[in-house]
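Q: prediction below, plus the sequence it came from.
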Amino acid sequence: VGVEISTPFARMKYSEAMEKYGSDKPDMRYSLPLTDVIDLFANTELKVFAEIAKMPHINRIKALNVEGGEKLTRKEIDALTDYVAKFGAKGLAWVKYVEGALNGPVAKFLTDLTSDLTTALQLEDKDLVLFVADTLEVANATLGALRVRLAKELDLIDNNQYNFLWVVDWPMFEWSEEEG
């Protein structure tokens, strides 16, 4: 009531929505895009990521830059790790970007990638980066769900704002592993 809606609505291809937001109905009231960083991990010392990176036609290593997420505690991040299991993810790697350096459980394996990750993810001081290394479907579903959860928990959603979006060019068929 009394809300003015601008037209025409923005349009986004289905493939872009899935790639950047992990959802066919992305909430556009906040940013938090997903970024494919598999190319950066071809020669990493982080063995799990290196193995995933060997098969980029099947797998993805995707990252979610949570701006200002450094304030999340280890306990809160561990809860996110438990949460991602619902989407088939085998785990959740993370680092915090503080004063130009990466900190966290996998940071020691990523020191050579700090500059590349900073550029690719547009990192700023006190950002939290969450990584999922899995199939494209699992990575998108997992980080897409984390994107929504963190936007709610970090109060990034302006509930008085309306950003309508038409998702277009939906696939007519999807591959079914069961039916081939």
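A: Sure thing, it's come through. Residues are numbered from 1 along each chain as shown.
Q: and the nearest residue to residue 31 once chain neighbours are set aside, its phi and psi?
A: Nearest non-adjacent residue to residue 31, counting by C-beta to C-beta, 6 or more residues apart in numbering: residue 67, 7.7 Å away. C-beta: built from backbone N, CA, C; applies to glycine. The phi/psi pair for residue 67 (degrees, to the nearest 10) reads phi -60, psi 130.
Q: what does the one 4 residues further on give?
A: Recorded main-chain torsions at residue 71 are phi -70, psi -10, according to degrees, to the nearest 10.
Q: identify the bridge partners of the residue nearest to residue 58 when sequence neighbours are not counted.
A: The shortest distance from residue 58 to any non-neighbouring residue, by C-beta to C-beta, 6+ apart, is to residue 135 (6.3 Å). Beta-bridge partners for residue 135, by DSSP bridges, are residue 59.
Q: what's the burial count for residue 135?
A: Other residues lying near residue 135 total 16 when counted by other C-beta atoms under 10 Å.
Q: these two touch, right, it and residue 59?
A: Yes - if you go by C-beta atoms under 8 Å, residue 135 and residue 59 touch, sitting 5.9 Å apart.
Q: report the contact partners of residue 19.
A: 34, 36, 140 (C-beta atoms under 8 Å, 6 or more residues apart in numbering).
Q: for stretch 15-29, buried residues please.
A: Judged by neighbour count using 16 or more other C-beta atoms under 10 Å, the buried positions of stretch 15-29 are 17, 18, 19, 20, 21, 22, 23, 26, 27.
Q: tell me the one of these nearest residue 89?
A: Nearest to residue 89, judged by C-beta to C-beta, of those is residue 22 at 11.6 Å.
Q: contacting residues for the closest one?
A: Applying C-beta under 8 Å, 6+ apart, the residues near residue 22 are 34, 62, 139, 140, 141, 142, 143, 144, 145, 147.
Q: pLDDT added to the residues you listed, as a markdown table?
A: Shown next, in a markdown table, are the contacts of residue 22 (pLDDT from 0 to 100):
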| residue | pLDDT |
| --- | --- |
| 34 | 98 |
| 62 | 97 |
| 139 | 96 |
| 140 | 96 |
| 141 | 96 |
| 142 | 97 |
| 143 | 97 |
| 144 | 97 |
| 145 | 97 |
| 147 | 97 |
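Q: what about those residues, which are in strands?
A: 34, 62 (DSSP state E).
Q: kind regards, and thank you for your time.
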